[in-house]
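In: Got a sequence here, can you model it:
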Amino acid sequence: MGNWGRARGAIAAWPGIASARQRLLRWPEVLRRLMAALAPMVRGWVAAELMPGRLLPWLPVAFGSGIALYFAAEREPALWAGAAAAAVGAALAFRARHRPVAFPMLLGIAAVASGFAVATLRTAVVSHPVLRLSAWNVEIDGWVEVREQRARSDRIVVRVQKLEAARMLLRPERIRISVRKGTAPAVGSFVHLKARLTPPLAPLRPGGYDYARDLFFQGLGASGFALGKIELRPPPGPPSLYLRYSTALADLRDAIDARIVAQAPGDQGAIASALLTGKRDAITTPVNDAMFISGLGHVLSISGYHMAVVAGVVFFFMRALLALIPPLASRAPIKKWAAVTALAATTFYLLLSGAEVATQRSFIMIAIVLFGVLLDRQTLTFRSITVAALAVLLLTPETLVHPSFQMSFAATLALVAVYQWQFYWRPGADSPVGVRAALWGVREITSLIVCSAAAGFATTLFAAYHFHRLAPYGVLANLLAMPVVSAWVMPVGLLGIVAMPFGFDAVMWRLMAAGVDWMIAVAVWVANLPGAVGRIAAFGTGPLLLATVGLLLICLLRTPLRLAGLIVAAVAVMWAASGPRPDIMVSSDGRSVAMRGTDGHFAVARTGSDTFAVREWLTADADRRQPKDQSLTAGVRCDPDGCVGALADGRLIALSRTLAAFAEDCQRAAVIASPRDAPPGCAAGLIIDRSRWRGSGAVALYREGKGFALWPTRPPGYDRPWSPAYVASTPVPSRTLRTPDRTPDATPRLEDLQPGD
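Out: Numbering: from 1, shown residues only. Sure thing, here's the model as predicted:
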């Protein structure tokens, strides 16, 4: 010990060690001085961010946070609770209106409470019966309100006038029914049909996209498919005013669609019709996939880009036309006249396209810009997007959890931030280089690249969260295709609509199809590039919320404090990439089971022909395989009674189809899934049978030591209007439904949920 003490003293006395020790001891003093030097600078940045008007864009953020809290509740809140909280918050904010610190904080709290109250009120207003159990041979009489022509079948939405079914306690008011291709009646028809009805589709995996919630706010209480022939019958009375409006609008859309398809059949005509009428169901699956893989999928959903092009084209041509009349050009405010004409054109385009969420948001934005032209005010600011966000959330708060709203506003926020920061490279106009650059369109190309990159980065994590896809070559595809769409396809399409009443529209549709053909060629070429299909495994809402905070900091802050947003976004990306993946997935009817084997991928056992849940699981697992891929059954043994597979640690997972299968499975399997009820006394470690999945829905299991942590789609006690609680005869033990510390994520179908731009 004495020798070690002397050696330690000699090391401490060594000059190098001594100097390093002294420097280390000085670090606290250096940090203190650094913080003292930075403190005034940071205080100045904070003061600049709190200047009058700077906090206004955060108002819809607080309002949306209240809406998010509402949808996170497990039980439906009382209508008076949100209203009372909003009233108290508003009163406190009014009392503190002269206090520079308390007023913004209390105003934000009042905005959160107001968002919660508005979402609660919206649910109460749209409340309607929702089917709870499947029903066969249901006889329906009603009005056809919507007709959708799809690739393999058609769909109609029927407002029920009369419904006859045995043992159906709750009778839906509006139903979406799939019918055979080419048999869908026209909008406004009164029909009689028989159908099999099912409850709105619940999430296909824990944390998956809630289709039932989406259908609830669309006023749909059930879905199903027609059995036999659909009969047209005389209506019992005159249709409603809304139905007459829907019929007239559907007739107009069908007429435009028919004229386009007659001159441009195939995907060219289908995409051209989607750009003008919003009817995108006829696009074939390969082209639709290529559009999304390449990053051009946003073109298929009418949103901000389309509205801006329509408004810009109409404004430019109207102003140019009026400028050709000297008396008007010199005396009349032709710029404002052009703005009024553009506003009327965008209003017509809004109605023609079906007024989806992204279209509503973009219309409000365009209307604000055009009103700014009328008032001689600059309008491309954060205030315009603030007004647009508040308007959309006030009217339809449920859109907050929809990918279209999230991606649309993320892209728009990034583009407005780029515009505000003057981020474009502007070569000097007086220099020879600047003149040559202007002649060659360098500024326009640079602007397009910067805009595409900004919008792409802003929406990347949202696209990964909802669709589990990335578009690595999105900037390239947009750079090649969007100039043609902006300068050729959309203007020619608008001319086709104008020329249609006069009978000279055929040539316009053929010209439009030529431009669309170029866009398809770009999409297919980019989609076939190496690494074009970027897949990412599912992650929770935690990383998405954190990334949203980072995006808001980057875009809304104007001082160097916005660099903190980059750090927040980087942490969100690392969090999303490090999330755990489930070891077992069980469908909501117990007919499909996926188990992670030794190779780290899912093996699937299922009974029946429904592959939708399996496709969802594979997509969320970043697995390229399709549900019918033979490799999915590797390591799974099946017979008429059931299937058996194994996890990586050797524990057996059983899918028991018959009662005979339980005799062996209960003795050997660690987990049993079944569409039936398990017999009493089954000794398996964990049983997910009919008595379980009826109450919990689809479940995910995570290995935890020798047991499993079970994560249900519907936690115990969950009861919302779009997903009523299931009253089971035997309560599910709460100890087996312990939820891991994970946050859910969402996966909508690409064919039903198109992102905006």
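In: ranges for the helices of the stretch 451-600 of the chain?
Out: Remark: helices assigned in the stretch 451-600 of the chain by DSSP state H, counting those that start in this stretch are 474-484, 490-499, 506-527, 541-556, 563-577.
In: got those as CSV, with mean neighbour count, mean pLDDT and distance to residue 201 columns?
Out: No exception for glycine: its C-beta is placed from N, CA and C like everyone else's. Below are the helices of the stretch 451-600 of the chain laid out as CSV (neighbours: other Cβ atoms under 10 Å; pLDDT from 0 to 100; distance: least, Cβ to Cβ, whole Å):
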stretch, mean neighbour count, mean pLDDT, distance to residue 201
helix 474-484, 21, 86, 30
helix 490-499, 20, 91, 35
helix 506-527, 21, 93, 29
helix 541-556, 20, 92, 20
helix 563-577, 15, 92, 26
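In: Only the buried residues of the helix or strand residue 412 falls within, if you could.
Out: If you go by DSSP states H and E, residue 412 is part of helix 403-421. By neighbour count on 16 or more other Cβ atoms under 10 Å, the buried set for helix 403-421 is 403-418.
In: tilt between that helix and helix 541-556?
Out: Computed by axes from the mean of the first three to the mean of the last three Cα atoms, to 10 degrees, the angle separating helix 403-421 from helix 541-556 equals 30 degrees.
In: sorry, back to before: from the buried residues of helix 403-421, which is closest to residue 187?
Out: residue 404 (23.3 Å; Cβ to Cβ).
In: roughly how far apart are that closest one and residue 632?
Out: From residue 404 over to residue 632 the distance is 32 Å, taken as Cβ to Cβ, to the nearest Å.
In: Pretty sure residue 608 sits in a strand.
Out: No: the assignment for residue 608, made by DSSP: H, G, I helix; E, B strand; the rest coil, is coil rather than a strand.
In: Quick check: closest non-adjacent residue to it.
Out: residue 591 (5.1 Å; Cβ to Cβ, 6 or more residues apart in numbering).
In: need the contact list for that neighbour.
Out: Residue 591 sits next to 606, 607, 608, 610, 675 when contact means Cβ atoms under 8 Å, 6 or more residues apart in numbering.
In: Drop anything exposed from the residues you listed.
Out: With burial judged by 16+ other Cβ under 10 Å, the buried subset of the contacts of residue 591 is 606, 607, 675.
In: pLDDT check: weakest of those residues?
Out: Going through the buried ones among the contacts of residue 591 one by one, the lowest pLDDT turns up at residue 607, 83.
In: Which residue comes closest to that residue once chain neighbours are left out?
Out: residue 591 (4.9 Å).
In: One more: residue 725?
Out: residue 719 (3.8 Å).
In: Identify the bridge partners of that neighbour.
Out: Here residue 719 sits in beta bridges with residue 75, as judged by DSSP bridges.
In: Equivalent analysis for the one 4 residues further on, please.
Out: Bridge pairing for residue 723 (DSSP bridges) gives the partners residue 720.
In: so what's it up against?
Out: By Cβ under 8 Å, 6+ apart, the contact set of residue 723 is 202, 210, 212, 213, 714.
In: now, which of the contacts of residue 591 sits nearest residue 703?
Out: residue 606 (21.6 Å).
In: That closest one against residue 590, yeah?
Out: No: counting by Cβ atoms under 8 Å, residue 606 sits too far from residue 590 to count as a contact (10.2 Å).
In: Tabulate the helices of the stretch 451-600 of the chain (a markdown table), appending distance to residue 55.
Out: A markdown table is the format used below for those (distance: least, Cβ to Cβ, whole Å):
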| stretch | distance to residue 55 |
| --- | --- |
| helix 474-484 | 33 |
| helix 490-499 | 37 |
| helix 506-527 | 41 |
| helix 541-556 | 9 |
| helix 563-577 | 16 |
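In: Which of those sits closest to residue 275?
Out: Judged by Cβ to Cβ, the one of the helices of the stretch 451-600 of the chain that comes nearest to residue 275 is helix 490-499, at 6.1 Å.
In: Adjacent strands (with direction) for the longest strand seen in the chain?
Out: Longest strand in the chain by number of residues, with DSSP state E as the criterion: strand 135-149. Strand 135-149 has the following sheet partners, assigned by DSSP bridges: strand 153-164 (antiparallel), strand 190-198 (antiparallel).
In: Of those strands, give the one that comes closest to residue 477.
Out: Comparing those by Cβ to Cβ, strand 153-164 comes nearest, at 30.2 Å.
In: looking at the protein, which helix or strand is least sure?
Out: helix 432-439 (a mean of 48; mean pLDDT, DSSP states H and E).
In: Among the contacts of residue 723, name the ones in helices.
Out: 212, 213 (DSSP state H).
In: got a winner among the contacts of residue 723 for most neighbours?
Out: Taking other Cβ atoms under 10 Å as the neighbour criterion, residue 714 ranks highest of the contacts of residue 723 with 24 neighbours.
In: Surely it is in contact with residue 699?
Out: No: look at residue 714 against residue 699 with Cβ under 8 Å: they stay out of range, at 9.5 Å.
In: Return the alpha-carbon coordinates of the helix or strand containing residue 708 using CSV.
Out: Take DSSP H and E as the rule and residue 708 turns out to sit in strand 707-712. Taking C-alpha atoms only, strand 707-712 is exported to CSV below (Å, rounded to 0.1, in the frame of the first residue of the first chain):
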residue,chain,number,x,y,z
GLY,A,707,-43.5,-13.4,-19.9
PHE,A,708,-45.1,-10.9,-22.2
ALA,A,709,-46.2,-7.3,-22.0
LEU,A,710,-49.5,-7.0,-23.7
TRP,A,711,-50.5,-3.8,-25.5
PRO,A,712,-54.2,-3.8,-26.6
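In: Please enumerate the strands of the stretch 151-300 of the chain.
Out: With DSSP state E, counting those that start in this stretch as the criterion, the stretch 151-300 of the chain has strands at 153-164, 174-180, 190-198, 222-232.
In: and the last one, what does it pack onto?
Out: Right, strand 222-232. Helices and strands touching strand 222-232, by 3 or more Cβ pairs under 8 Å, 6 or more residues apart in numbering; DSSP states H and E, are strand 174-180, strand 190-198.
In: what is the rounded mean pLDDT of the longest one?
Out: Taken as a whole, strand 190-198 has an average pLDDT of 93.
In: Run through who's touching it.
Out: For strand 190-198, with Cβ under 8 Å, 6+ apart as the criterion, the contacting residues are 131, 134-144, 158, 161, 165, 172, 175, 177, 185, 222-236.
In: Great, nothing more from me.
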